[in-house]
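model this:
(chains A and B)
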Protein chains: 2
Amino acid sequence: MGALPTLAVVGATGAVGTVMCELLSGRRNVWGEIRLLASERSAGRRVRCRGEELTVQALTADALDGVDVAMFDVPDDVSARWAPVAVDRGAVVVDNSGAFRMDRDVPLVVPEINPEQVRNRPKGIIANANCTTLAMIVAVAPLHREYGLRELVLASYQAASGAGQAGVDALHAQLAKVAGDRVLGSRTGDVRQAVGDELGPFPAPLALNVVPWAGSPGDGGWSSEEMKIRNESRKILGLPDLKVSATCVRVPVVTGHSVAVHAVFATEVDAEGAREALRNAPGVILVDDPAAGEFPMPIDAVGTDPSWVGRIRRALDDPRALDLFITGDNLRKGAALNTAQIAELLATELTTPH
Amino acid sequence: MGALPTLAVVGATGAVGTVMCELLSGRRNVWGEIRLLASERSAGRRVRCRGEELTVQALTADALDGVDVAMFDVPDDVSARWAPVAVDRGAVVVDNSGAFRMDRDVPLVVPEINPEQVRNRPKGIIANANCTTLAMIVAVAPLHREYGLRELVLASYQAASGAGQAGVDALHAQLAKVAGDRVLGSRTGDVRQAVGDELGPFPAPLALNVVPWAGSPGDGGWSSEEMKIRNESRKILGLPDLKVSATCVRVPVVTGHSVAVHAVFATEVDAEGAREALRNAPGVILVDDPAAGEFPMPIDAVGTDPSWVGRIRRALDDPRALDLFITGDNLRKGAALNTAQIAELLATELTTPH
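Numbers count the residues shown, from 1 in each chain, chains lettered A, B, ... in the order given. Below you'll find the predicted structure:
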């Protein structure tokens, strides 16, 4: 068993890192030592992982020595600084931040779609896509294989935990403030007043509201989140000219990103053919019987691995277009799970004799 | 002042009727008597309207005698039965239900867009559009005039009050149940268990969730709500071949429907030109400065008259397409306000010598 590779989880105490420790406890065991790393502030905390109590260590260059695969679940700037250090110390990095996703020398891998890209890593770094892209793309890729994707028009319903633990804390704090009052939400300004400055990482109250903004301002009025979905979808699917228009909106949900998708293809589509393609696709669960109350929703998808897809309709005015609705757990497939899946591909590679 | 017409508000004690009484108190006074009618159950209730305490009367044929304009804010079946009775007794009916909207002999009027249609009423009935259509169409029509609309791809974020007072009550009751628990929404099934059978008019819990379904099942997997938006947009804009794909989703907001819009036009568009057209459009307020936290949101739009529009972007991959976000108060412009505006056009007609 000495041959099993050593894994480091960098950012082990954050919202994604916490889910990662849960996940590693339940998945096939391909790791030798698991080392939990985090900021100086979190060092010394005890975390259960794979049935063991592990002590979180501070992230230093020395703490990365002997690591074969390092998963990074930290902010962009921390990844930008520390991922190259991990590579220098001999690790392959799987990075969940936005720091390297659009780097030509860093593959953007979704194991259900382009697993072969894992071997194409000149910098020793493999990137994980944005959580909204991931939930959506797993269900869109099988339709692309069937019909040839040409265009995506997307509107998102993104959960608070997409903004980390601070987002979850802010939503819960806001809900506690508005929940008692049966008038709140019926008059202008009431919710703003009740929530006060308890905004957390959001630009406006999220309780009893929807906030059509995520990320930072980009060119032409587009948000960074909207640009990520466009650029990452193109890179993952290998479609550099794919037309993409996304509107990213935060909703008062704890975990579970949803996306309303209008997809235009090269050939005519039919709803039953699309359902068949999705029924057989890896990482997807089809829930499409509205009359029976079956459609994808965050409260059902949270804590599960697949992307839930339903509401599949052929567009009434375009025989080449499908409308559908997708929900995925943004902390699992949208982050920790996809990272773990990539790391497991690496573990197989590292332990397979050439 | 004896010449001022008599107005009946049918359904005066419902969610829309209540807002109607508030609205009538604040608008230019064009009415003589105002008569409040409702079901037998609500008869005898006292309601303030225009500074007077009025007693709600039961809806009967005799109660409609002498009425010049009757506004109906009641379910489809009640409108279908009683609107013709009101017409028989000499009233012009402005109906907010879905009973007559697609009738060729009933105009579907949005005063900012097609006020001239008010005179074209062979059945004595004028219909008010669906609340989601109304919030959206007021801001899309000025762009159609500028660029020539060809296609709409829509995703909605619809509030609980779109399902009436029962929807509002259910959301508040659900929020009270989930607000205390800081774990709820993080694990599968927790929210379903906490909410129990307190679903109200919704097919699933709305608190900490989004529900991609509104209305009843139609052909091809489309919901009645999605079909309404398509059919009504075509009728109001006079574009029978307009391509429309809508996905209707309920969100945990009390009041204020939002719509993410991808609109394709006949000619090239530019974001600044679109903003200029919207700045000068009636019934619209432009809020489009994301860096300053300015975008349309339910907590700001609730209780106000206009459609709030922002997030205006030219599509990166189609010079003829715009992406934008619109929020409107579904009980005001989406229902009571548009009805009142139509009724006021009738009041002017009735009191203007020929």
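
can you give me the strands in chain A?
Counting by DSSP state E, chain A has strands at residues A:7-10, A:34-38, A:46-49, A:52-55, A:57-58, A:69-72, A:92-95, A:125-127, A:149-157, A:243-247, A:257-265, A:284-286, A:307-314, A:321-328.

so which of the ones you listed comes closest to B:P75?
When the strands of chain A are compared by Cβ to Cβ, strand A:307-314 sits nearest B:P75, at 25.6 Å. The C-beta positions use only the backbone N, C-alpha and C, and glycine is treated the same way.

so which elements touch the lowest-mean-pLDDT helix or strand in chain A?
None of the helices or strands of chain A scores lower by mean pLDDT, DSSP states H and E than helix A:15-26, at a mean of 90. In terms of contacts (3 or more Cβ pairs under 8 Å, 6 or more residues apart in numbering or on different chains; DSSP states H and E), helix A:15-26 is packed against strand A:7-10, strand A:34-38, strand A:46-49, helix A:165-178, helix A:337-351.

between the lengthiest helix in chain A and strand A:257-265, how big is the angle?
Criterion DSSP state H: the longest helix present in chain A is helix A:131-147. Going by axes from the mean of the first three to the mean of the last three Cα atoms, to 10 degrees, helix A:131-147 is angled at 30 degrees with respect to strand A:257-265.

I'd like the strands of chain A as CSV, with mean pLDDT appended.
Shown next, in CSV, are the strands of chain A (pLDDT from 0 to 100):
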stretch, mean pLDDT
strand A:7-10, 97
strand A:34-38, 97
strand A:46-49, 93
strand A:52-55, 94
strand A:57-58, 97
strand A:69-72, 97
strand A:92-95, 98
strand A:125-127, 98
strand A:149-157, 98
strand A:243-247, 98
strand A:257-265, 98
strand A:284-286, 98
strand A:307-314, 98
strand A:321-328, 98
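
now render those as JSON lines, adding mean neighbour count and distance to B:V106.
Rendered in JSON lines, the data for the strands of chain A read as follows (neighbours: other Cβ atoms under 10 Å in any protein chain shown; distance: least, Cβ to Cβ, whole Å):
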{"stretch": "strand A:7-10", "mean neighbour count": "28", "distance to B:V106": "64"}
{"stretch": "strand A:34-38", "mean neighbour count": "23", "distance to B:V106": "65"}
{"stretch": "strand A:46-49", "mean neighbour count": "14", "distance to B:V106": "65"}
{"stretch": "strand A:52-55", "mean neighbour count": "12", "distance to B:V106": "70"}
{"stretch": "strand A:57-58", "mean neighbour count": "16", "distance to B:V106": "72"}
{"stretch": "strand A:69-72", "mean neighbour count": "28", "distance to B:V106": "61"}
{"stretch": "strand A:92-95", "mean neighbour count": "27", "distance to B:V106": "59"}
{"stretch": "strand A:125-127", "mean neighbour count": "26", "distance to B:V106": "56"}
{"stretch": "strand A:149-157", "mean neighbour count": "25", "distance to B:V106": "32"}
{"stretch": "strand A:243-247", "mean neighbour count": "24", "distance to B:V106": "34"}
{"stretch": "strand A:257-265", "mean neighbour count": "26", "distance to B:V106": "31"}
{"stretch": "strand A:284-286", "mean neighbour count": "21", "distance to B:V106": "40"}
{"stretch": "strand A:307-314", "mean neighbour count": "26", "distance to B:V106": "28"}
{"stretch": "strand A:321-328", "mean neighbour count": "28", "distance to B:V106": "29"}
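
what residue in the stretch 251-354 of chain A comes nearest to chain B?
Scanning the stretch 251-354 of chain A for proximity to chain B using Cβ to the nearest Cβ identifies A:V254 as nearest, at 3.0 Å.

just checking, A:A214 touches A:M227?
No. A:A214 lies out of contact with A:M227 (Cβ atoms under 8 Å); the separation is 11.1 Å.

quick check: the gap between the nearest residue to A:P217 once chain neighbours are set aside and A:I229.
Among residues not flanking A:P217 along the chain, B:A291 sits closest, at 4.9 Å (Cβ to Cβ, 6 or more residues apart in numbering or on different chains). As defined by Cβ to Cβ, to the nearest Å, B:A291 lies at a distance of 20 Å from A:I229.

so which of the two has more stuff around it?
A:I229 (25 against 10; other Cβ atoms under 10 Å in any protein chain shown).

mind listing what that one touches?
In this structure, A:I229 makes contact with A:130, A:132-133, A:136, A:154, A:156, A:244, A:246, A:248, judged by Cβ atoms under 8 Å, 6 or more residues apart in numbering or on different chains.

can I get these in a markdown table with distance to B:D197?
Formatted as a markdown table, the contacts of A:I229 follow (distance: Cβ to Cβ, whole Å):
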| residue | distance to B:D197 |
| --- | --- |
| A:N130 | 37 |
| A:T132 | 33 |
| A:T133 | 37 |
| A:M136 | 32 |
| A:L154 | 34 |
| A:S156 | 30 |
| A:V244 | 41 |
| A:A246 | 37 |
| A:C248 | 34 |
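
and those residues, which is closest to A:E198?
A:C248 (22.3 Å).

name the residues that touch stretch A:116-129?
So stretch A:116-129 is contacted by A:83-84, A:87, A:91-96, A:100-101, A:103, A:105-111, A:134, A:137, A:232, A:236, A:335, A:338-339, A:342, A:345-346, A:349 (Cβ under 8 Å, 6+ apart).

go with 7 Å
Here stretch A:116-129 makes contact (Cβ atoms under 7 Å, 6 or more residues apart in numbering or on different chains) with A:83, A:87, A:92-96, A:100-101, A:105-110, A:232, A:236, A:335, A:338-339, A:342, A:345-346.

that stretch: end-to-end distance?
One end of stretch A:116-129 sits 16 Å from the other (Cα to Cα, to the nearest Å).

now do that stretch: distance to the chain's middle.
Stretch A:116-129 sits 17 Å away from the centroid of its parent chain (Cα atoms, centre = their mean, to the nearest Å).

for stretch A:337-348, same thing?
Remark: stretch A:337-348 is offset 14 Å from the chain centroid, using Cα atoms, centre = their mean.

now that stretch - C-alpha only, CSV.
Taking C-alpha atoms only, stretch A:337-348 is exported to CSV below (Å, rounded to 0.1, in the frame of the first residue of the first chain):
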residue,chain,number,x,y,z
LEU,A,337,-16.7,16.3,-6.9
ASN,A,338,-15.3,17.4,-10.2
THR,A,339,-11.9,18.1,-8.5
ALA,A,340,-12.0,14.7,-6.8
GLN,A,341,-12.8,13.0,-10.1
ILE,A,342,-9.9,14.7,-11.9
ALA,A,343,-7.6,13.8,-9.0
GLU,A,344,-8.7,10.2,-9.2
LEU,A,345,-7.8,10.1,-12.9
LEU,A,346,-4.3,11.3,-11.8
ALA,A,347,-4.2,8.7,-9.1
THR,A,348,-4.9,6.0,-11.6
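
quick one on the thing from earlier: can you put the strands of chain A in TSV and add distance to B:A260?
Listed next are the strands of chain A as TSV, based on distance: least, Cβ to Cβ, whole Å:
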stretch	distance to B:A260
strand A:7-10	35
strand A:34-38	37
strand A:46-49	39
strand A:52-55	43
strand A:57-58	43
strand A:69-72	32
strand A:92-95	30
strand A:125-127	27
strand A:149-157	4
strand A:243-247	4
strand A:257-265	8
strand A:284-286	24
strand A:307-314	15
strand A:321-328	13
